[in-house]
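[1] how would this look folded up:
(one chain, ligands or ions: 2)
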Amino acid sequence: MTQVRAEKPVVDYSVYLVTGRDLLPPGKGYLESLKEAIEGGVTLIQVREKNAETSEFLEIAQQTVELCRSHKVPVLINDRIDIALASRADGVHLGQTDMPVPMARSLLPPNAIIGMTCTTSEHVRQAILDQVDYVGLGAVYGTATKDVSAPGKIRGVKGVREMLNVLEGTGVKSVAIGGIKSTNLLRVLHGAVTPTGHALDGVAVVSDIVASSNPRASAERLSLIFRSWAAIPRGSKSFSVDGADAYLPANVIKAAADLVAHLTNNVVKTQSANATIAMGGSPIMAAAAQEQADLARIPGGMLINFGTVEEMDGMLAAGFNANLNRKPVIFDPVGIGATTYRQNCAEELLSKWQPTVIKGNAAEIGALIQSEEVDFPRIDGVYTITDAHRCTQRKVKSQGVDSLGSGFKDPEAVVRSLAQKERCIVVLSGPIDYISDGSTVIRLSNGHPLLGQITGAGCMLGTAVATFCGAQSVLAERKGLGAADGVLARGDMLTAAAAGVLALTIASENAAQRGDVHGPGTFLPALIDSLADLTPETIQNMAKVEVDVENK
Ligand SMILES: Cc1ncc(COP(=O)(O)OP(=O)(O)O)c(N)n1
Ligand SMILES: Cc1ncsc1CCOP(=O)(O)O
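    Ligands and ions are numbered 1, 2, ... in the order given. Presented below is the predicted three-dimensional model:
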């Protein structure tokens with residue numbers, strides 16, 4: 001051990017470097033790279049030598065301990081108790097098939113740090129019983145550094161969050177590991193938070209630092225992102241709230257001149273593009289993965305509508321790049337309950353990127369939360385704002401029952417808890433639309449039954465939310481709000497989502513009143529006209545809004 005301590009050392013887990021000499025770029029020495037990484041902000045080191053003989057491992061460990069001691073950075077040894085003891089390191093990191101923790105504890109000094117790899121919640125429960133100091137949760141993503149190809153080894157951000165739930169109320173620290181880079185770190189940190197706010201204590205990385213020709217800069221990037229994220233009060237959202245103007249008017253969107261990129265289905269492309277233009281936005285229908293990096297650099301909103309589920313690569317790239325550029329991502333998991341494939345795709349997407357808003361009807365939200373109590377909303381036998389065509393896609397428990405509700409016994413609790421779980425805003429569409437950021441719930445009661453008689457009304461609702469969220473983020477950025485590196489979307493996304501819903505539902509009421517509207521065929525063009533005619537005053541005068549703020 002570096003020194004004998006009566007108490008456990010306080011360890012900063014935030015930027016945890018796991019070494020990998022085989023990944024060093026040509027011409028870069030191991031100790032040189034390590035020193036630069038420490039200067040860049042690495043707070044903890046693990047010496048991981050998978051191919052070295054014992055004598056070589058020991059030599060590397062001793063050199064590492066010597067260097068790190070002078071920088072006051074603790075050193076752990078991967079797998080090997082004997083090397084930890086001989087090199088006087090600060091502790092060990094053990095895998096599931098390494099020496100059992102109680103045995104390692106009995107061999108190591110009492111103040112030694114012991115970490116344990118956990119891939120499942122059961123692993124975490126055992127690690128708590130074994131009184132480890134920290135757990136390494138993962139793999140989050142695939143990685144070339146270690147073979148994680150066996151089924152169940154890649155857990156995604158959602159898997160990490162699941163394991164974090166088990167840690168609540170314990171003093172056991174946690175880091176995530178596996179494929180983490182400065183480009184996805186913010187998404188990992190935002191997504192890996194439990195509903196009560198329990199978050200990661202750090203992230204462990206190998207290649208993002210070790211394989212870099214400038215490890216100092218790589219470590220600095222990771223450290224900056226971690227620190228700015230950690231500076232945001234726990235339990236807060238993945239977006240900033242600036243208390244912006246209540247119902248962002250259409251002409252403000254026009255002024256913001258933002259681009260709303262749609263990955264949407266072929267049925268609704270034209271009407272969604274027209275609706276976007278009518279609201280003042282600028283649409284682009286762009287499904288190819290290769291164009292998402294360029295598109296994400298243009299301010300605005302990103303709508304990912306599951307209708308194009310065949311474009312998985314595009315959707316993965318779209319959300320990832322939008323997160324990277326802090327653009328709001330609106331996810332519309334159309335028909336998610338219809339097939340296992342769609343459910344798996346949604347799982348994968350939500351692991352790879354962080355949505356700002358999830359928008360769905362009762363069946364879709366029910367499928368996301370795997371609820372049994374979903375009942376399709378119908379008024380007088382007519383499906384309401386949620387697309388009628390979607391409703392045929394999933395067998396529902398209460399099929400045929402006319403319901404004026406939203407499909408859930410307690411829709412407010414559903415949106416609130418899904419928003420907390422997925423760390424985003426949830427819009428549950430229906431006769432009454434419910435919108436929550438995890439604490440506030442907004443109920444909106446505008447809309448017209450004719451929306452249920454045209455295809456793609458729900459998709460247009462997603463478009464409206466994306467347009468208003470995109471505009472709001474552009475405006476917030478222009479005002480210099482939320483510029484801190486720790487937020488994933490700037491601006492008041494709760495208000496923007498509500499404004500998007502109001503725009504479409506109020507426009508539907510106005511369109512239905514027109515003398516030239518005789519049914520669904522004449523209603524659709526009138527709806528586009530009404531969207532274009534909307535003024536802030538109209539929205540404010542017609543909005544039927546109730547707000548319920550949860551007292552924590
Ligand atoms: C912080 C951290 N987490 C997980 C691991 C993986 O350890 P293990 O399961 O023992 O696998 P190997 O590293 O031995 O291949 C880790 N090393 N560090
Ligand atoms: C050691 C380990 N355990 C799970 S993934 C992993 C490797 C992580 O390496 P990288 O940060 O390069 O993806």
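[2] Val427 belongs to a strand?
    Yes. Counting by DSSP: H, G, I helix; E, B strand; the rest coil, Val427 falls inside a strand.
[3] Surely it touches Leu502?
    No. Val427 is beyond contact range of Leu502, at 11.4 Å (criterion: C-beta atoms under 8 Å). For glycine as for every other residue, the C-beta is placed from the backbone atoms N, C-alpha and C.
[4] Gly360 and ligand 1, how far apart?
    35 Å (C-beta to the nearest ligand atom, to the nearest Å).
[5] Contact partners for that residue?
    Contacts for Gly360 (C-beta atoms under 8 Å, 6 or more residues apart in numbering) come out as 332-334, 336, 368, 427-429.
[6] Equivalent analysis for Val73, please.
    For Val73, the contact set (C-beta under 8 Å, 6+ apart) comprises 38, 42-45.
[7] next one: phi and psi at it?
    Note on Val73: its backbone torsions stand at phi -110, psi 120 [degrees, to the nearest 10].
[8] returning to what we had before: name the member of the contacts of Gly360 with the most neighbours.
    Ser429 (32 neighbours; other C-beta atoms under 10 Å).
[9] Hmm, that residue is touching Val357, no?
    No. Ser429 lies out of contact with Val357 (C-beta under 8 Å); the separation is 11.7 Å.
[10] Run through the residues of the stretch 51-200 of the chain sitting next to ligand 2.
    For the stretch 51-200 of the chain, the residues in contact with ligand 2 (C-beta under 6 Å from any ligand atom) are 138-139, 143, 145-146, 148, 177-180.
[11] Same question for the chain.
    Within the chain, the residues that sit near ligand 2 (C-beta under 6 Å from any ligand atom) are 18, 138-139, 143, 145-146, 148, 177-180, 205-208.
[12] Return the item of the residues you listed having minimum pLDDT.
    Comparing pLDDT over these, the lowest score belongs to Gly138 (91).
[13] How about the contacts made by that residue?
    117, 119, 148, 154-155, 160, 176-178, 204 are the contacts of Gly138 under C-beta under 8 Å, 6+ apart.
[14] Narrow the residues you listed to those that are buried.
    117, 119, 148, 154-155, 160, 176-178, 204 (16 or more other C-beta atoms under 10 Å).
[15] which residues does the most centrally placed residue in the chain contact?
    Among the residues of the chain, the one closest to the centroid is Gln354, at 2.2 Å (C-alpha atoms, centre = their mean). Residues near Gln354 by C-beta under 8 Å, 6+ apart: 157, 187, 190-191, 238, 319, 323, 329, 423-424, 488.
[16] Including secondary structure, neighbour count and pLDDT, could the residues you listed go into a markdown table?
    Output for those, formatted as a markdown table (DSSP: H, G, I helix; E, B strand; the rest coil; neighbours: other C-beta atoms under 10 Å; pLDDT from 0 to 100):
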| residue | secondary structure | neighbour count | pLDDT |
| --- | --- | --- | --- |
| Val157 | helix | 24 | 91 |
| Arg187 | helix | 22 | 89 |
| His190 | helix | 23 | 89 |
| Gly191 | helix | 28 | 89 |
| Ser238 | coil | 27 | 49 |
| Gly319 | helix | 26 | 94 |
| Asn323 | helix | 27 | 91 |
| Val329 | strand | 27 | 96 |
| Arg423 | coil | 24 | 88 |
| Cys424 | coil | 31 | 93 |
| Leu488 | coil | 30 | 83 |
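[17] coming back round to it: which of the buried ones among the contacts of Gly138 come close to ligand 1?
    Residues of these in contact with ligand 1 (C-beta under 6 Å from any ligand atom): 117, 177, 204.
[18] Okay, and which of these map to strands?
    Within these, residues falling in strands by DSSP state E are 117, 177, 204.
[19] in the sheet, who's paired with the second one?
    Legend: beta-bridge partners of Ile177 under DSSP bridges are Gly138, Ala204.
[20] Equivalent analysis for the first one, please.
    On the basis of DSSP bridges, Thr117 takes part in beta bridges with Gly136.
[21] so what's the closest residue to Arg221 other than its chain neighbours up against?
    Nearest residue to Arg221, sequence neighbours excluded (C-beta to C-beta, 6 or more residues apart in numbering): Ser182, at 4.0 Å. The contact partners of Ser182, taken as C-beta under 8 Å, 6+ apart, are 208, 218, 221-222, 225.
[22] quick one, what contacts Ser121?
    162-163, 165-166.
[23] Kindly recompute the last result at 10 Å.
    For Ser121, the contacting residues are 159, 162-167, by C-beta atoms under 10 Å, 6 or more residues apart in numbering.
[24] How about the residues of the protein by ligand 1?
    Neighbours of ligand 1 within the chain, by C-beta under 6 Å from any ligand atom: 18, 46, 48, 78-79, 93, 95, 98, 115, 117, 136, 146, 175, 177, 204.
[25] One more pass at 5 Å, please.
    Residues of the chain lying close to ligand 1 (C-beta under 5 Å from any ligand atom) are 93, 95, 117, 136, 177, 204.
[26] Now do the second one against Lys50, distance only.
    Summarising the geometry, the distance separating Gly95 from Lys50, computed by C-beta to C-beta, to the nearest Å, is 11 Å.
[27] I'd assumed Asp82 was in a helix, is it?
    Yes. Counting by three-state DSSP, Asp82 is found in a helix.
[28] Please identify which of the ones next to ligand 1 among the buried ones among the contacts of Gly138 is nearest to ligand 2.
    Nearest to ligand 2 among those is Ile177, at 4.8 Å by C-beta to the nearest ligand atom.
[29] wait, that closest one sits on Val18?
    Yes. When contacts are counted by C-beta atoms under 10 Å, Ile177 is listed as touching Val18 (7.3 Å).
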